[in-house]
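**Student:** What follows is a predicted structure for the sequence shown.
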Amino acid sequence: MSKQFTLGKNERLRSRKQIEKLFANGKSLVVNPFRVYYTIAIDSKESGVQFGIGISSKNFKRAVDRNRIKRLTKEAWRLQNIELKEKIKTAGNQLNVFFIYTGKDLPGFKIVKDKVAVALKKLVGKVDENISSNT
């Protein structure tokens, strides 16, 4: 299996400190049914992309449903984030991304994949803006 299509430990956003900083200082964009929070750290010690996802238990009472949406979103992210990773690596920046599913009904994989692709396209645009403004 190719290494480029993995979602390893170092690519997951797990640090509570980083997540709190992301929500406090980060920017957001909306791609229905997702709200995407992101921060771009310039000149950080590490470079790469870290990803996280959350689903409200208010909208989905059963953990089975929340876990399914997480699985679908992680899979869609894993398959499509190559361009974003390359841009971040070449710039030497750190990107933290957190998806929040805000929809009310259980989506299929095709919908999730399409919406994650749109969000990734917007994120690539934001990264390009950030790179061009800092050079």
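**Tutor:** The structure has been received and is ready for your questions.

**Student:** Please point out which parts of the lengthiest helix in the chain sit buried.
**Tutor:** For the chain, the longest helix by residue count, based on DSSP state H, is helix 109-134. Across helix 109-134, burial judged by 16 or more other C-beta atoms under 10 Å covers 112-113, 115-117, 119-120, 123-124, 126-127, 130-131. C-beta: built from backbone N, CA, C; applies to glycine.

**Student:** same check, this time on stretch 82-90
**Tutor:** 84, 87-88.

**Student:** And what about the spatially most central residue of the chain, helix, strand or coil?
**Tutor:** With distances taken as C-alpha atoms, centre = their mean, the chain has Val97 as the residue nearest its mean C-alpha position (3.8 Å). What DSSP: H, G, I helix; E, B strand; the rest coil gives for Val97 is strand.

**Student:** how much space between it and Ala117?
**Tutor:** 14 Å (C-beta to C-beta, to the nearest Å).

**Student:** Next: Arg16.
**Tutor:** Applying C-beta to C-beta to Arg16 and Ala117 gives a distance of 29 Å.

**Student:** Equivalent analysis for Glu83, please.
**Tutor:** 10 Å.

**Student:** For the helix-or-strand element of the chain with minimal mean pLDDT, what is the distance to the chain centroid?
**Tutor:** Every helix and strand of the chain was ranked by mean pLDDT, DSSP states H and E. The lowest is helix 82-91, at a mean of 89. Here the centre of mass of C-alpha atoms in helix 82-91, compared against the chain's by C-alpha atoms, centre = their mean, to the nearest Å, lies 14 Å away.

**Student:** Please apply the same query to stretch 86-96.
**Tutor:** That offset, for stretch 86-96, works out to 13 Å (C-alpha atoms, centre = their mean).

**Student:** Name the residues that touch it?
**Tutor:** Contacts to stretch 86-96, defined as C-beta atoms under 8 Å, 6 or more residues apart in numbering, come from residues 13, 18, 22, 26, 38-44, 46-50, 52, 84, 123-124, 127-128, 130-131.
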